[in-house]
Structures are given as structure tokens and as C-alpha cells.
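> here is the input, now give the coordinates:
(2 chains)
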2 protein chains.
Amino acid sequence: MSLENLLQQIEFIKEIDKIKYIQRKTKLINSDRNENDAEHSWHLAVMAIILAEHANHPVDLMKVIKMVLIHDIVEIDAGDTFIYDTQKNHCNTDEERLAANRIFGLLPQNQAEELISIWEEFEAGETEEAKFARSMDRLEPLLQNVSNNGGTWSEFNVKYHSVYKKKKVINEGSSKIWEYAEQLINDSADKGILKR
Amino acid sequence: MSLENLLQQIEFIKEIDKIKYIQRKTKLINSDRNENDAEHSWHLAVMAIILAEHANHPVDLMKVIKMVLIHDIVEIDAGDTFIYDTQKNHCNTDEERLAANRIFGLLPQNQAEELISIWEEFEAGETEEAKFARSMDRLEPLLQNVSNNGGTWSEFNVKYHSVYKKKKVINEGSSKIWEYAEQLINDSADKGILKR
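Prediction:
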């Protein structure tokens, strides 16, 4: 049983290597190189550990870490959807559900069920853990875009109002971090790197 | 105090973005593209979560995850040292200690102290958590090299004996995973992708 588990786990571990090829729209800090999903997920996990003290409510940090580490694995099959894409809704498409079943389904059943459930919880964004995890997911590209003179905001002509609305989700996870982020968004508009 | 902490934490979060540029010698699975430290660290964290059941002794999984997420941050200043490098010892050089103090030192003092201590614990490799974390760190490139017809073993003419000795560390973290890894190493030698 233990060996059978291990062999399934190894297949999963090899499969998820592919996430390193999934490019995001946002670029690294002070850079013109696109970030990939593995780098992004690593960053969010470290951020969650470092910033947990600012969560609005106590969170199960282990669950938050699992969420951010695995939240983009479905993109191996479904691809990355740009957060400001007006054509395609990001949340939990059929394509993403199929991907979750296929990829997490490589694992022993109890682990597959746990990770699918954690991914769904993240996507639903209702629990304290999901809210905090999502605030990390919104904060990282904000720091990147600010460092890149507007980054994807300039590149895809995204306006203040859209950014403000998407980023406001940070407030649900941490009003303290939102206070900082809101200031950053307003400063960006004042500097002209985010158009009103 | 809370805002002061947050501002220090944000500086750290921006600084560690640089780890995404630190290239390892090993290539991704079935690939000729080098892996970077952020991708590597992400992979180890997911592996630790998935494989924890195989640890020789119960481990504090949160500590293991912190270890693998941050173990290579010092390489932002000190650079990656190839594990089979015969000129340069990997472990805890003065350069790495300086890097740890500088980079983790960007954080509020209690967090800086915690992460430096966790990094030192990983490097020392003596606790159950460090042993298990190190077994993840040895397993991932093994899977990569096997998928790449020998990968860095062929590229840098590394022989069976050296690989076996370096990988045997896996046994200290998990004899179950070592059993699998040992088989993989022996199979690689039999297939000729790892020279005896």
C-alpha cells in the first residue's frame, strides 16, 4: 500500500513539473521577463508565512500554504487566464475542474480528494484561509506592476477602476495589507503609471 | 509597529524575487531548460506535503515547508553551488552566512531570527525535519536527471559512486523513498545513463 502510494505520488510530482512552463502575464520585479506559475506559487507561499500576522482573523496557515502552492496546478491543462480578461471568466471553469480531476487524480485517493477540496475552497474564496490566500495572490502582481512602471496595466490598458476593484479583495484577507495596497494603487495613479 | 513590520516584510518580499533568476545546473523534467531556485523550492514544498507520510519519524511539516521554501534564498548573494562541485564545498560557507544575515535581516527581527535559525537547521541536517527536507532536495534532481537521459550526470561526467553517495542522504529522511531512489539509480546505471 505504501509503495503503491509512493509510485502514484511520484507520477504526480513529475506531472506538476509542467507548471514551470505556464507563463503569467505579469513580469518579475524590475524586469521584462514573464513570471511562471511555479515561481508565483513559491512567492505566495513565502508571503503567506511572512504576512500571516496581518490576517483579519486567525488562519490555519498550513491550509493557506497548501492553497497557494497548488492553486495554479489546474493551469497545466487549462492555461493561465489574465485577471483583467473581459472575455473569459477565471473562476472555476469546466476546463479547470476537469484539469483538477485529472492532475490531482494521479495521487492516492485521500490526497486527491484533499487537494481538490482545498483548490475548490480557494476558488470559492469564502473561508478565512481562502480570503487570506487570495489576498496574497492579488498583492504579488501589484508589487510587480508598480516596480515595472505599470507593467500589465500599461501593456493591456487596464484602468484604475478595474485594478482597484480586483485588488480590493485583499481587504477581505487583511485590512492592514489592503491599507498599504490601496495607497500603492493611488500613488500609481498619481504618478501616471496607472491611468484613471 | 504593525505598519513598520509590514514595510520591512514588503522589502523582503521584493528582494527575494531575485531567486527566480538563480539557475540550477539541473534541467526540468524531459527538458533542456535549466530550473531556477524558485521553481525548485516550490516543487520541494509540494513534495514535502505529498510525501510526508513516508518520513522515517513524524516531522513538523510546517517547519519542513519553511525549510524548503527558504533554503536557497542565500543563493541570491552567494550563487548556486553544484552539488558535485569538487572545488567548492556547498555547506554553509561564509558567503552564505553573510547572505542569510543580509537578506533575512530585511525582516522584523523575530522573523529574521526564526528564518536564519531554520536555514541553519536545514544546513546542519541533524533534526528529523532537516533530514526529511534534505531528502526532498536530493530526490527532485534525481527524477529530473533520470527523465533527461542522465542530465547533469552525463553533462558533467558524474559517476555512479558519487551519485549514490550524495543521494544516500535520502535514507536519513525516508528509508521508503530511499528504497525507490536507490532502485532508480541502479536502473540508471544498468541503462547506461549513469556511468559506473
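
> for chain A, longest strand please?
Counting by DSSP state E, the longest strand found in chain A is strand A:23-27.

> state the mean pLDDT of that strand.
Averaging pLDDT along strand A:23-27 yields 96.

> please name every helix or strand in contact with that strand.
strand A:34-36, helix A:37-51, helix A:128-147, helix A:151-155 (3 or more CB pairs under 8 Å, 6 or more residues apart in numbering or on different chains; DSSP states H and E). (C-beta placed from N, C-alpha, C; glycine too.)

> hmm, the second one in reach of chain B?
Which is helix A:37-51. Yes - using CB under 8 Å from any CB of the partner chain, helix A:37-51 reaches chain B at A:38-39, A:41-43, A:45-47, A:49-51.

> distance to B:Lys66 and pLDDT added to those residues, as TSV?
Output for the residues of helix A:37-51 next to chain B, formatted as TSV (distance: CB to CB, whole Å; pLDDT from 0 to 100):
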residue	distance to B:Lys66	pLDDT
A:Ala38	18	98
A:Glu39	18	98
A:Ser41	15	98
A:Trp42	13	98
A:His43	14	98
A:Ala45	9	98
A:Val46	9	98
A:Met47	13	98
A:Ile49	6	98
A:Ile50	10	98
A:Leu51	14	98
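
> got TSV for those, with neighbour count too?
What follows is the residues of helix A:37-51 next to chain B, written out as TSV (neighbours: other CB atoms under 10 Å in any protein chain shown):
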residue	neighbour count
A:Ala38	29
A:Glu39	26
A:Ser41	26
A:Trp42	28
A:His43	30
A:Ala45	27
A:Val46	25
A:Met47	25
A:Ile49	19
A:Ile50	23
A:Leu51	22
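
> ok so, going back, any idea which of the helices and strands packed on strand A:23-27 is most buried?
helix A:37-51 (a mean of 25; mean count of other CB atoms under 10 Å in any protein chain shown).

> list the contacts of the following helix or strand past it.
Along the chain past helix A:37-51, the next helix or strand (assigned with DSSP states H and E) turns out to be helix A:61-70. Helix A:61-70 is contacted from outside by A:41, A:44-45, A:48-49, A:52, A:115, A:118-119, A:121-122, A:129-130, A:132-133, A:136-137, B:42, B:45-46, B:49, B:61-62, B:65, using CB atoms under 8 Å, 6 or more residues apart in numbering or on different chains.

> what is the very next helix or strand once past helix A:61-70 packed up against?
Later in the chain than helix A:61-70, the nearest helix or strand by DSSP H and E is helix A:75-78. Using 3+ CB pairs under 8 Å, 6+ apart, the elements in contact with helix A:75-78 are helix A:94-104.

> for the helix it packs on, give the mean pLDDT please.
Mean per-residue pLDDT for helix A:94-104: 95.

> what distance separates that helix from the middle of the whole chain?
17 Å (CA atoms, centre = their mean, to the nearest Å).

> where does chain A dip in pLDDT?
A:1, A:86-92 (pLDDT under 70).

> quick test: name the residue nearest the centre of it.
For chain A, A:Asp137 is the residue whose C-alpha lies nearest the centre (CA atoms, centre = their mean; 3.9 Å).

> surely that one meets A:Ala45?
No - using CB atoms under 8 Å, A:Asp137 is not in contact with A:Ala45; the gap is 11.1 Å.

> surely A:Glu123 is in a helix?
Yes - applying DSSP: H, G, I helix; E, B strand; the rest coil, one finds A:Glu123 inside a helix.

> could you report the neighbour count for it?
Neighbourhood size, A:Glu123 [other CB atoms under 10 Å in any protein chain shown]: 20.

> go on, the one 4 residues further on?
By other CB under 10 Å, the residues close to A:Thr127 number 17.

> what sits closest to it if chain neighbours are left out?
Among residues not flanking A:Thr127 along the chain, A:Glu121 sits closest, at 5.8 Å (CB to CB, 6 or more residues apart in numbering or on different chains).

> equivalent analysis for A:Thr93, please.
A:Ala78 (6.7 Å).

> so who does A:Glu121 touch?
A:Glu121 makes contact with A:63, A:67, A:127, A:129-130, according to CB under 8 Å, 6+ apart.

> now, which of those sits nearest A:Ser147?
Minimum separation from A:Ser147 among the contacts of A:Glu121 (CB to CB) is found for A:Met67, which lies at 25.1 Å.
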